[in-house]
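> the sequence and its predicted three-dimensional model are supplied below.
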Amino acid sequence: MSENVQSAMFEILKKIQAKLSEHDKRFNAVEKRFDMLGDLVRKQRRDTAGLLVMAKSVTGNFAGELAAIEERGAAPEARGR
């Protein structure tokens, strides 16, 4: 009887070990996907920061050109007075 119990317990432990191996594979796949997502998020952050710099440059340039136009428009008005 004790031999049957030990044999059954050994078989149960083998099945548990096989299941754990399957779970390890799945966890490794999930970790790989998370790493890929992390890389994608970092790339998007970098791209967004670059776009922000370009947008600030464009708005600064636009504001400078607008100020120059306003000055040129104010010059004839000042002469006419």
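Yes, it's here.
> so where's this structure shaky on pLDDT?
1, 80-81 (pLDDT under 70).
> in it, which spans are helices?
2-80 (DSSP state H).
> ok, now how distant is Ala18 from Ser7?
Ala18 sits 17 Å away from Ser7, going by C-beta to C-beta, to the nearest Å. Any C-beta I mention is one placed from the backbone N, CA and C, and that applies to glycine too.
> how about Asp47?
61 Å.
> then Ala67?
From Ala67 to Ser7 the distance is 90 Å (C-beta to C-beta).
> now Glu70
With C-beta to C-beta as the criterion, Glu70 and Ser7 are 94 Å apart.
> also Lys56?
74 Å.
> equivalent analysis for Lys15, please.
Counting by C-beta to C-beta - Lys15 and Ser7 are separated by 13 Å.
> CA atoms only for stretch 2-17 - export them in PDB, please.
What follows is stretch 2-17, C-alpha atoms only, in PDB (Å, rounded to 0.1, in the frame of the first residue of the first chain):
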ATOM      1  CA  SER A   2       2.800   2.400   0.900                       C
ATOM      2  CA  GLU A   3       4.400   1.700  -2.500                       C
ATOM      3  CA  ASN A   4       1.100   2.700  -4.300                       C
ATOM      4  CA  VAL A   5       0.900   5.900  -2.300                       C
ATOM      5  CA  GLN A   6       4.500   6.800  -3.100                       C
ATOM      6  CA  SER A   7       4.000   5.900  -6.800                       C
ATOM      7  CA  ALA A   8       0.800   8.000  -6.900                       C
ATOM      8  CA  MET A   9       2.600  10.900  -5.100                       C
ATOM      9  CA  PHE A  10       5.500  10.700  -7.600                       C
ATOM     10  CA  GLU A  11       3.100  10.900 -10.500                       C
ATOM     11  CA  ILE A  12       1.300  13.800  -9.000                       C
ATOM     12  CA  LEU A  13       4.600  15.600  -8.500                       C
ATOM     13  CA  LYS A  14       5.600  15.000 -12.100                       C
ATOM     14  CA  LYS A  15       2.300  16.500 -13.300                       C
ATOM     15  CA  ILE A  16       2.800  19.500 -11.100                       C
ATOM     16  CA  GLN A  17       6.300  20.000 -12.400                       C
END
